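**Student:** sequence and predicted structure are below.
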Amino acid sequence: MTRKQGRLSYIQYSSLIISTMIGVIVVRLPKLAAVSAEEGAVYSTLISGVLTIVIAVAMAILGKRFHNQTIMEYSTLILGKVLGKLFGALVTFYFIIVASVVLRDFSDALKGLLLKNTPLEIIMISMLLTVVYMVTNGINSVAKVTELFLPIIILSLALVIVLSGSNFKFVNLRPTLIPNFRLIIKGIPDLVIAFQGYEIIFLVIPFLNDHKKVIPYTIIGTGIPTILYTILVAITIGVFGLETTQNLNYPTISLAEGITFPGAFAERFDIFIAVLWILAAFTTIGNSFYMSSFTTVRLFGLKHYKPFVYILTPIVYILAILPQNLMEIRRFSSITGYIGLGVSIIIVGMLFLAWISGGKRERKNA
Amino acid sequence: MRIIKKDKNPKNLEKIQERQSSQLKAEEKVDLTLSDTVEENLEKFKAFLEDSSDAVFREFKLGSQGIPCALIYIDGLVNNAVINEYILKPLMYEITLLEKTMDEAVDKNNAYEFVKESAVAIGEIKEAATLDRSMLLVMSGEVALIVEGSNKILVLNARGWPARGVSQPDTEGSIRGPKDAFTETLRVNTALLRRKCKDPNMVIKTIQLGRRSKTDVSYIYIKGITNPELIKEVEKRLNQIDVDEIMETGQIEQWIQDNYLSPFPQVQITERPDVTMSNIMEGRVAILVDHSPFALIVPSGLYQFIQSPEDYYDRWIIGSFLRAIRWVASLLAAFVPSLYIAVVTYHPGFLPTPLALAVAANRMQIPFPVFIEVFLMEITIELLRESGARLPKAIGQTIGIIGGIIIGDAAIRAGITSPSMVLLVAITAVASFIIPTYSAAIALRLIRFPLMILAATLGLYGVALGFILINIHLANLKSFGFDYMTPQSPFVPQDTRDWIMRLPRHLLWRRPISINPIDIDRMDQDSYKEGKND
């Protein structure tokens, strides 16, 4: 009664962005940064985050301009019918792939961390079914569940960072503090991909109650993961040193493993963090799955949304189970990442097209 | 008098047909409009009530001219002293004195008006123009007075039936705060509420539900605070109920709740007038049912089930502490057994080494896997709890002792369970008893079992999945169209002041915004500061 179906608040908007961005990748982000940017890890993460904010703000400006439509509709408006539909298909395809990559990535990591003897299929199916349960109830359900989990996710991440302070040695971090532009730039492509998830912006904006303050809340939504990620990378390198970080499989979990607090009930803090990480992964998988089903429905211009969720479920599952080994998954996910980057850049391009054409229209009206 | 009769019991078909052919049912035999002779009207009542031994038909003659009159009432529902002293005595004796002083004989034409205006010494009088209405009033304990020459019936209030007095609450004890609880009589309950709030804007509306039982159902709100849309929704949902009988608030609850598949209560139930009143003051609607010592409060969120009235009566630090303890307890009650299963079965490394070793040593003798062990003990505790609740108090204590020995000692010696397991079951049980609302506590105890199965199959990942599933369910749950998980989802910063914590009174100057009352402010924000400066 108080809120109409499909009407979201700004807080829900920001939390959707944050929870989609902070996801599976958080457990191996420091490794990714250390491997791809080496000595430039910290700066590279920060700059990638800032780049992300810029792209996200560009998307938000575009979304604000066409705030009654989703990307699927206004792309045909800007690019023309054929190109627009093609672009819509690309976006849809991208989201389906993202959902399955994230699902697979999560399942592999979970198997490695908690359930060594459980078949991958069981993990994937149980997670997928949970996701389907959330997604069938629409955007409101997704937003509200996100709101419930977000404090837990951020608090647990903050807890890891704060409690690792005692193991932190500044000597380890020092080499990364000297800016080396070659390495920083080398790391950016991989790290920008790690920040993905902000694409949810252009699907959510039409559902918002109000559009005036979209841009500040976009900055909040993308800024919080940027800050957390940068600190996380810095702390991890400070604790383990650059080389060890490069060789750890899940540095964030290892970080938690090193935490001891006196008189604690739980000896292994890492398991605790791994369980909380499941929540973070769930929101990411869930939101990606929502995006893929939503764009599919819009691509075909259908009215009913629920049946498509069920149709998409096996497709996502099969796509997720396809890669045979870790190498293939990584390759798969980096390819998706580049597609995503491409899509983002097209969107920024569209923004300028819209700017120009809108400007023309205004001039005509005047 | 519509009665539900769509499907007849096929076994009794013969009897039904026989009855239909030989004797008409009362409501079909009788014309429901009233005539103006006593004799005919009496016949109409008798058509319904002649077989009932508690129905009293008292015929008498009125005044000097001997106008025929009749009283009809149900013995046991009325106060006989009132009938004798204030109805029969004036009508049979004092009326002749009146006639003499007024020098005017009462005749058939003015008898009804005369009786109504000058003779009967009763406070609440109603006029009934149909048999239907007067019959309903008679059946609810009023006295029907038929006077010759009028086609209306006077209905006099002389109610009086055995009722339990106001006593202490049984299920919602508190150390501070008023000790009265609702009783089974609706009028007493509404009086308890009126005593707490003298605002004439407090509306107590009553409707009758149940085709046969015609139970009085009152809904109470404050005009100018409660959102009119909410009131409309309550009215709509109550009026949709079309059943034979309403016996208890629990039945109403099941008709008006949003999701019947959920284990979680979506309507708050309380037997305390103070809780009911403060909820009405927040802009909610309370529903009272005759014959039930409980009030329903809608809409309600999960956080309300964790609240106790003492949170507000005690100082805020104590109130917040107690409330925080209850939140922790509700989590413990739901998750401790499954976490134990998951940790012991899948992730023994999670525990500190000495503790892990102790648990393993304890479990050496146990023939069952952890899941079976936990399951057995949890079922035992549920058995004990249920038997304790059903038994008379004197025997209930015995059950407590026996249960204590069985669980505490004998089960361990018999090698069925381990000491750490007993500790765990005890923690869960105590935690679940801390939750003030019985229906919420039982929901948490229930979801324990599926969580245990998840933990046994998928370990901590299963528990996490269970946690996620419960949260999805709760996030989508609604109570009268309002979100169940307010103020966290959707996040309403203002309302978090009275959520896990109960902040100082002067900071709670707003009613819960999440239920959208018309009047938001409930105190003058400056009054606190002004009072301190003096």
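**Tutor:** Received the coordinates, thanks.

**Student:** CA only for contacts and neighbour counts going forward, please
**Tutor:** Noted.

**Student:** any regions of chain A where pLDDT drops low?
**Tutor:** A:1-6, A:261-267, A:358-366 (pLDDT under 70).

**Student:** would you mind naming what in it lies close to chain B?
**Tutor:** Contacts of chain A with chain B, taken as CA under 8 Å from any CA of the partner chain, map to A:1-2, A:11-12, A:114-115, A:118, A:127, A:130, A:133-134, A:137, A:141, A:144-145, A:147-148, A:265-269, A:271, A:275-276, A:278-279.

**Student:** ok, B:Ala295 - contacts?
**Tutor:** By CA atoms under 8 Å, 6 or more residues apart in numbering or on different chains, the residues touching B:Ala295 are B:249, B:269-271, B:276, B:286-289.

**Student:** is it in a bridge, and if so with what?
**Tutor:** B:Thr270, B:Leu288 (DSSP bridges).

**Student:** so what secondary structure elements neighbour the longest helix along chain A?
**Tutor:** Among the segments of chain A that qualify as a helix by DSSP state H, the longest is helix A:326-365. Judged by 3 or more CA pairs under 8 Å, 6 or more residues apart in numbering or on different chains; DSSP states H and E, helix A:326-365 is in contact with helix A:41-65, helix A:71-79, helix A:81-113, helix A:181-194.

**Student:** B:Leu322 is in contact with B:Asp311, isn't it?
**Tutor:** Yes - the pair B:Leu322 / B:Asp311 is scored as a contact, 7.2 Å apart, by CA atoms under 8 Å.

**Student:** now B:Pro487: how far from B:Gln304?
**Tutor:** 11 Å (CA to CA, to the nearest Å).

**Student:** which residues in the stretch 351-500 of chain B form strands?
**Tutor:** B:478-479, B:482-483 (DSSP state E, counting those that start in this stretch).

**Student:** quick one: the last one to chain centroid distance?
**Tutor:** Per CA atoms, centre = their mean, to the nearest Å, the displacement of strand B:482-483 from the mean C-alpha position of its chain is 21 Å.

**Student:** for it, what is the average pLDDT?
**Tutor:** Mean pLDDT, computed over strand B:482-483, is 91.

**Student:** break chain B down into its domains, please.
**Tutor:** B:10-156, B:186-300, B:315-483 (automatic domain parsing).

**Student:** mean pLDDT lowest where, among the ones you listed?
**Tutor:** Mean pLDDT, when computed for each of the domains of chain B, is lowest for domain B:10-156, at a mean of 84.

**Student:** may I have the distance across that one, first residue to last?
**Tutor:** End to end - CA to CA - domain B:10-156 spans 43 Å.

**Student:** quick one: it to chain centroid distance?
**Tutor:** With CA atoms, centre = their mean, you get 34 Å for domain B:10-156.

**Student:** same question, stretch A:107-121
**Tutor:** With CA atoms, centre = their mean, you get 22 Å for stretch A:107-121.

**Student:** where's the residue nearest to B:Thr428 when sequence neighbours are not counted, which helix or strand?
**Tutor:** In this structure, B:Thr428 finds its nearest non-sequential neighbour in B:Ala333, 4.7 Å apart by CA to CA, 6 or more residues apart in numbering or on different chains. Assessed by DSSP states H and E, B:Ala333 sits inside helix B:316-345.

**Student:** output the contacting helices and strands for that helix.
**Tutor:** helix B:310-313, helix B:370-390, helix B:419-434, helix B:438-476.

**Student:** and the angle from it to helix B:438-476?
**Tutor:** Angle of helix B:316-345 versus helix B:438-476, following axes from the mean of the first three to the mean of the last three CA atoms, to 10 degrees, is 80 degrees.

**Student:** starting at the chain centroid, how far to helix B:316-345?
**Tutor:** 28 Å.

**Student:** please apply the same query to stretch B:458-466.
**Tutor:** In terms of CA atoms, centre = their mean, the centre of stretch B:458-466 is found 37 Å from the chain centre.

**Student:** which bits of the stretch 1-150 of chain B sit near chain A?
**Tutor:** Checking the stretch 1-150 of chain B against chain A by CA under 8 Å from any CA, there are no hits.

**Student:** quick one on the thing from earlier: and the angle for the helix holding B:Ala333 with helix B:370-390?
**Tutor:** Using the same axes, to 10 degrees, helix B:316-345 lies at 140 degrees relative to helix B:370-390.

**Student:** for B:Ile125, give me phi and psi.
**Tutor:** Phi and psi for B:Ile125, reported as degrees, to the nearest 10, are phi -120, psi 140.

**Student:** who's in contact with it?
**Tutor:** B:154-157.

**Student:** partner residues bridging it?
**Tutor:** B:Leu156.

**Student:** state the distance from it to A:Glu243.
**Tutor:** Counting by CA to CA - B:Ile125 and A:Glu243 are separated by 94 Å.

**Student:** what do you get for A:Ile47?
**Tutor:** Taken as CA to CA, the span from A:Ile47 to A:Glu243 is 22 Å.

**Student:** of these two, who's got more company?
**Tutor:** Neighbour count, other CA atoms under 10 Å in any protein chain shown: between A:Ile47 and A:Glu243, A:Ile47 has more, with 20 against 15.

**Student:** give me every residue that touches that one.
**Tutor:** A:Ile188.

**Student:** try B:Met485
**Tutor:** B:301-303, B:474-475, B:477.

**Student:** among the residues you listed, who's most crowded?
**Tutor:** Most surrounded of the contacts of B:Met485: other CA under 10 Å gives B:Ala475, at 26 neighbours.

**Student:** my read: it touches B:Gln488, true?
**Tutor:** No - if you go by CA under 8 Å, B:Ala475 and B:Gln488 don't touch, sitting 9.4 Å apart.
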